[in-house]
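In: sequence unknown, structure follows:
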């Protein structure tokens, strides 16, 4: 048996199962607590290593430790938008119900991470740069990302018909994805107050592993938190969207 | 993919390409306005209008920092190791301000070489270094221009 075909087949089947709201609901009942647990474990380890084990920075002192919230939040703010855009395209092309659910449910989580990145960055900028806010390319483009997320949320609820709202939001998600490379490369394309990349740069991370390990743990933990929130929200939305279908009614009868 | 799906795929791809191209052209047109600061090299080449406000960024030149008699006005050179701009600033300098540190000065030029700054910000770089190595790092930072033969980036 060809292992590649088997793996491919497995993901193919998983994709088709996840495409069905009912199957998604069954799978997510299992995966949601797993994501939650992984989030707790990874973030607890990252927080401990980041706050108590990692050495202080030579010029920022202990205030550098805000990186353990700021950088994972900023990465997630970009990652979630890419997920939204991909799901949006899948929804628009294949008219897949669950893809729209992913788009709608991701938006508030992405908005929260973007806001967190902006707030923690501002808190760090005040003592280090000497300013809370500057209109440089990185800060401004990240702020635009926040408005894109808020716009996607508002757009969905602006339509009385759910399907129209889903499609409009998916279009915004796809079109808005141009902001992602702009944010990422803003510190390379233009001069900015914000520093360049520390981790993903030519020549390896400009940070010793004692500082880097907690950062990667936190980033992974935050990603599972996104998965956890997404699946919880998606469960809710699936039950709401499918409230007239037989399987949801059966589920409610079981509970009663 | 069915023909309908192929058509929708093409539409999504065309929209993405169109938006991407439009954004690319717009950003190219705005290029200079998106730049956050001038470099000392650009100042030396005269790429500024007198009286207008600009930001200049560079390393604080070793041995150039002096405080005037009033005790709150500072004069120092920012440099890319090749070209220098003199900055005069009245106020409290950021905590990170020291020789070799990259800073951003915001103000207007009083003549071709001197900027009267209204604001001085520290520009942190991408390097994170444990405390134990602080002395060596500070020394290396202060001497950053010693071996430089051409303009450095920061």
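Out: Received, thanks. These figures come from a predicted structure and were not determined experimentally.

In: ok, the closest residue to residue B:145 other than its chain neighbours - contacts?
Out: Leaving aside its chain neighbours, residue B:145 sits nearest to residue B:81 (4.0 Å; criterion: CB to CB, 6 or more residues apart in numbering or on different chains). Every residue, glycine included, has its C-beta placed from N, CA and C. Taking CB atoms under 8 Å, 6 or more residues apart in numbering or on different chains, we find residue B:81 in contact with B:59, B:144, B:145, B:148, B:150, B:151, B:152.

In: can you check residue A:201 too?
Out: residue B:126.

In: that one belongs to a helix?
Out: No - per DSSP: H, G, I helix; E, B strand; the rest coil, residue A:201 lies outside any helix segment and is coil.

In: so the most centrally placed residue in chain A is in which element?
Out: In chain A, the centroid-proximal residue (CA atoms, centre = their mean) is residue A:80; its distance is 3.2 Å. Residue A:80 is part of helix A:67-94, with elements assigned from DSSP states H and E.

In: then residue A:121?
Out: Assessed by DSSP H and E, residue A:121 sits inside helix A:97-128.

In: right, and residue A:166 touches residue A:103 too?
Out: Yes - using CB atoms under 8 Å, residue A:166 makes contact with residue A:103 at a distance of 7.4 Å.

In: so what's in contact with these two at the same time?
Out: Common neighbours of residue A:166 and residue A:103, using CB under 8 Å, 6+ apart, are residue A:91.

In: so which of the two has more stuff around it?
Out: residue A:103 (28 against 24; other CB atoms under 10 Å in any protein chain shown).

In: find the nearest non-adjacent residue to residue 109, please.
Out: Using chain A. Leaving aside its sequence neighbours, residue A:109 is closest to residue A:229 (5.0 Å, by CB to CB, 6+ apart).

In: to clarify, I was referring to chain B.
Out: Spatial nearest neighbour of residue B:109, chain neighbours left out: residue B:115 (5.3 Å); criterion: CB to CB, 6+ apart.

In: check residue A:165 too.
Out: Distances taken as CB to CB, 6+ apart place residue A:159 nearest to residue A:165, at 3.7 Å, with adjacent residues excluded.

In: and residue A:137, by the same measure?
Out: Once flanking residues are discounted, residue A:137 sits nearest to residue A:186: 3.9 Å by CB to CB, 6+ apart.

In: how about residue A:188?
Out: For residue A:188, ignoring the flanking residues on the chain, the nearest one in space by CB to CB, 6+ apart is residue A:196 at 6.7 Å.

In: can you pull the contacts of residue 54?
Out: Going with chain A. Neighbouring residues of residue A:54 by CB under 8 Å, 6+ apart: A:65, A:210, A:211, A:214.

In: oops, wrong one, chain B.
Out: For residue B:54, the contact set (CB under 8 Å, 6+ apart) comprises B:37, B:38, B:48, B:106, B:107, B:108, B:109, B:115.

In: surely the last one touches residue B:104?
Out: Right, the one you point to is residue B:115. No - with contact defined as CB under 8 Å, residue B:115 and residue B:104 do not form a contacting pair (11.1 Å).
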